[in-house]
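**Student:** here is a sequence with its predicted model. Questions after.
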Amino acid sequence: MSLLLSPLAAIGATVLAALAAMGRVALFAFETVTHLFRPPFYGRELWIALVQIGWLSLPVVGLTALFTGGALALQIYSGGARFNAEEVVPSIVAIGMVRELGPVLGGLMVAARVASSIAAEIGTMKVTEQIDALTTLSTHPMKYLTLPRVLAATLAVPVLVAVGDAIGIMGGYIVGVTRLGFNEAAYLKNTVDFLELWDVTSGLIKGAAFGFIIATMGCYYGMNSGRGAQGVGRATKAAVVAASVLILAANYLLTEAFFTS
């Protein structure tokens with residue numbers, strides 16, 4: 001009997017551990033949000049986080065979007081040629097970029113860059129007892145370290161997504177005009193005619209959600225980092241993995257909510 005129950009016990013323990021971890025993350029996120037409505041506010045930390053998360057992430061997001069838009073145009077043209085539907089390239093590139101590829105790829109690239117950085121920075125502060133020093137100085141660590149980064153990511157990632165969308169569409173336009181023989185005016189007209197405001201808005205909402213996830217995961221794993229260099233390394237890795245998986249899961253849930261009747 002024990003041989004039969006052992007696998008079930010292991011599965012149950014794994015499920016309970018996963019649920020407990022989800023609960024801890026949810027409580028951490030809730031506590032972070034509550035600090036938004038209570039002074040003091042650290043505007044300088046928010047500005048620094050906006051620069052680090054938003055401005056410094058722009059090159060990698062822009063390059064990713066540019067090449068993605070170009071590759072998407074080539075793929076859609078190749079597939080559409082089988083059905084004599086090459087003219088759909090401009091509209092599908094635009095819709096695909098603003099609805100899915102722009103927010104998701106942008107979020108994943110920011111997660112790789114920002115979640116790891118935040119987790120490593122805060123984890124190192126914990127290891128070197130700087131967080132304990134903040135508490136000694138009557139400064140709440142979550143208000144000083146977590147809230148500015150979460151708020152900055154929530155505000156900055158939608159802007160990065162919007163810029164990435166524009167660059168991705170431009171990448172598709174460049175490939176379409178120079179490689180696939182599209183007329184410049186016709187390509188732009190098809191892009192504008194088939195792109196709706198909700199397509200763009202839904203992508204920006206996804207960007208805000210992804211930004212919140214990225215910074216929350218980075219701060220959570222940084223705050224709960226183990227001791228020593230290995231602990232910081234594990235926290236950094238866990239933050240990137242968790243942020244990436246949650247971005248993909250949240251993308252599905254938001255797409256289900258936005259585009260199914």
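**Tutor:** That came in fine, so what should we check first?

**Student:** so, low pLDDT: which residues of the protein?
**Tutor:** The chain contains residues with pLDDT under 70 at 1-5, 261.

**Student:** in it, which spans are helices?
**Tutor:** With helices called from DSSP state H, the chain shows them at 2-34, 43-53, 58-80, 89-96, 102-110, 116-127, 130-136, 141, 147-178, 184-194, 197-223, 228-259.

**Student:** contact partners for the nearest residue to residue 229 once chain neighbours are set aside?
**Tutor:** With sequence-adjacent residues excluded and distances taken as C-beta to C-beta, 6 or more residues apart in numbering, residue 229 is closest to residue 127, at 8.0 Å. Bear in mind the C-beta positions are built from the backbone N, C-alpha and C, glycine included. Neighbouring residues of residue 127 by C-beta atoms under 8 Å, 6 or more residues apart in numbering: 225, 227-229, 231-232.

**Student:** how much space between residue 127 and residue 35?
**Tutor:** With distances taken as C-beta to C-beta, to the nearest Å, residue 127 is found 24 Å from residue 35.

**Student:** quick check: residue 9 vs residue 21, distance?
**Tutor:** Residue 9 is 19 Å from residue 21, by C-beta to C-beta.

**Student:** hmm, I typed the wrong one, I wanted residue 225.
**Tutor:** For residue 225 relative to residue 21 (C-beta to C-beta), the value is 15 Å.

**Student:** so these two - more neighbours on which side?
**Tutor:** Neighbours were counted for residue 225 and for residue 21 using other C-beta atoms under 10 Å; residue 225 has more, 26 against 12.

**Student:** next up, the contacts around the nearest residue to residue 193 once chain neighbours are set aside.
**Tutor:** Nearest non-adjacent residue to residue 193, counting by C-beta to C-beta, 6+ apart: residue 91, 7.5 Å away. By C-beta under 8 Å, 6+ apart, residue 91 lies in contact with 190-191, 193-195.

**Student:** go on, residue 162?
**Tutor:** By C-beta under 8 Å, 6+ apart, residue 162 lies in contact with 200, 203-204, 207.

**Student:** most surrounded residue in these?
**Tutor:** Most surrounded of the contacts of residue 162: other C-beta under 10 Å gives residue 207, at 28 neighbours.

**Student:** quick check: it touching residue 158?
**Tutor:** Yes. At 3.8 Å, residue 207 counts as touching residue 158 under the criterion of C-beta atoms under 8 Å.

**Student:** with distance to residue 108 added, can I get the contacts of residue 127 in CSV?
**Tutor:** Below are the contacts of residue 127 laid out as CSV (distance: C-beta to C-beta, whole Å):
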residue, distance to residue 108
225, 23
227, 30
228, 29
229, 26
231, 25
232, 22
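
**Student:** can you pick the most crowded of these?
**Tutor:** Most neighbours among the contacts of residue 127, by other C-beta under 10 Å: residue 225, with 26 neighbours.

**Student:** not counting sequence-adjacent ones, nearest residue to that one?
**Tutor:** Spatial nearest neighbour of residue 225, excluding adjacent residues (C-beta to C-beta, 6+ apart): residue 123 at 3.3 Å.

**Student:** in terms of contact, does that neighbour touch residue 236 like I think?
**Tutor:** Yes. In this structure, residue 123 is within contact of residue 236 by C-beta under 8 Å, at 6.9 Å.

**Student:** just want to know which of these two has more residues nearby.
**Tutor:** Neighbours per residue (other C-beta under 10 Å) separate residue 123 from residue 236, with residue 123 holding more: 27 against 23.

**Student:** the more buried one and residue 145: what is the separation?
**Tutor:** 11 Å.

**Student:** separation between residue 246 and residue 232?
**Tutor:** From residue 246 to residue 232 the distance is 21 Å (C-beta to C-beta).

**Student:** got it, and residue 153?
**Tutor:** Residue 153 is 20 Å from residue 232, by C-beta to C-beta.
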